[in-house]
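K.L.:
Dropping the sequence and predicted coords here.
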Amino acid sequence: DAGITQSPRHKVTETGTPVTLRCHQTENHRYMYWYRQDPGHGLRLIHYSYGVKDTDKGEVSDGYSVSRSKTEDFLLTLESATSSQTSVYFCAISRGTGGSNQPQHFGDGTRLSIL
Amino acid sequence: AQTVTQSQPEMSVQEAETVTLSCTYDTSESDYYLFWYKQPPSRQMILVIRQEAYKQQNATENRFSVNFQKAAKSFSLKISDSQLGDAAMYFCAYSLSGGSNYKLTFGKGTLLTVNP
């Protein structure tokens, strides 16, 4: 268990509402990531963070924002949810030291349904 | 941009037999890492095995081994003595080495069924 907690685990909401997903880690790892998983697409990177207040976009960042005010928490926000954002969302963490890529460890995922 | 391709959407194997899952990738870099992750029905993402591109020796982890062909940009996963618990979605993933924020690029996955 890599000490990652995602909340909520499941959420159903309506189009146009704001949604925030939380990722909490107890490992003090520098790197944190948000992915979405959709059938036929595998996992795709939304945003990532390389330190407190240091974030950058991934390949599918449109419609999403993130914040990291503490090492342990990484928030993903959908400002105005759309049905195309229905997905399973995974948070991951990595120690990421030097040239030796430490593998990413994943949370248990959040299933988000937008009606 | 790097891409990862898993050409087998589904595979099946008899219990105790051996199965090989294919993965190819495209990159212009020489220093990178490759991973296989397993996702059982519980939805957890579990790291199976990792290969460093600068190492010629193929990685092994118990019943799991890889065939890493750097020139061909191929990274297949062999599961020996397949067990019912091996049934899962398997994802191949690529990460550029150091200074890249260690982002993972995933393939679309191969669903493995293990028949008793």
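P.N.:
Arrived safely, thanks for sending.
K.L.:
for chain A, what are the nearby residues on chain B?
P.N.:
Within chain B, the residues that sit near chain A (CB under 8 Å from any CB of the partner chain) are B:31, B:33, B:35, B:43-45, B:47, B:50, B:91, B:95, B:97-98, B:101-109. Using the backbone N, CA and C atoms, a C-beta is placed for each residue, glycine as well.
K.L.:
In strands only, show me those residues.
P.N.:
B:33, B:35, B:47, B:50, B:91, B:95, B:105-106 (DSSP state E).
K.L.:
Show me which of these are buried.
P.N.:
B:33, B:35, B:47, B:50, B:91, B:95, B:105-106 (16 or more other CB atoms under 10 Å in any protein chain shown).
K.L.:
now, the most widely separated pair of those residues?
P.N.:
B:47 and B:105 (15.5 Å; CB to CB).
K.L.:
The ones in strands among the residues of chain B next to chain A into CSV, with extra columns for pLDDT?
P.N.:
Formatted as CSV, these follow (pLDDT from 0 to 100):
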residue, pLDDT
B:33, 91
B:35, 95
B:47, 93
B:50, 93
B:91, 97
B:95, 90
B:105, 93
B:106, 95
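K.L.:
wait, which of the residues you listed is closest to residue A:26?
P.N.:
When these are compared against residue A:26 (criterion: CB to CB), the nearest one is residue B:47, at 18.5 Å.
K.L.:
Name the residues of stretch A:7-18 that come out as buried.
P.N.:
Those would be A:11, A:13, for stretch A:7-18 by 16+ other CB under 10 Å.
K.L.:
Just the terminal-to-terminal distance for stretch A:22-29.
P.N.:
End-to-end distance for stretch A:22-29, by CA to CA, to the nearest Å: 16 Å.
K.L.:
Grab the nearest non-local neighbour of the residue nearest in space to the middle of chain B.
P.N.:
Residue closest to the average C-alpha location in chain B (CA atoms, centre = their mean): residue B:36, at 3.1 Å. Nearest residue to residue B:36, sequence neighbours excluded (CB to CB, 6 or more residues apart in numbering or on different chains): residue B:48, at 4.3 Å.
K.L.:
which residues does the one you found contact?
P.N.:
Going by CB atoms under 8 Å, 6 or more residues apart in numbering or on different chains, residue B:48 touches B:35-38, B:61, B:64, B:77, B:90.
K.L.:
Get me the contact residues on chain A for chain B.
P.N.:
A:31, A:33, A:35, A:40-45, A:48, A:50, A:56, A:58, A:88, A:90, A:92, A:94, A:96, A:98-106, A:108-109.
K.L.:
Can you select the buried ones among the residues you listed for me in PyMOL?
P.N.:
The buried residues among the residues of chain A next to chain B can be selected in PyMOL (16+ other CB under 10 Å) with this line:
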select buried, chain A and resi 31+33+35+42+43+44+45+48+50+58+88+90+92+94+96+101+102+103+104+105+106+109
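K.L.:
Tell me which of the residues of chain A next to chain B fall in helices.
P.N.:
Judged by DSSP state H, helices contain none of these.
K.L.:
Let me see the ranges of the strands in chain A.
P.N.:
Applying DSSP E to chain A gives strands spanning A:4-7, A:10-13, A:19-25, A:31-38, A:42-51, A:54-57, A:64-70, A:73-78, A:87-94, A:105-106, A:110-114.
K.L.:
Let me see the mean pLDDT of the third one.
P.N.:
What it means is strand A:19-25. Averaged over strand A:19-25, pLDDT sits at 97.
K.L.:
What strands flank it, and is each parallel or antiparallel?
P.N.:
strand A:4-7 (antiparallel), strand A:73-78 (antiparallel) (DSSP bridges).
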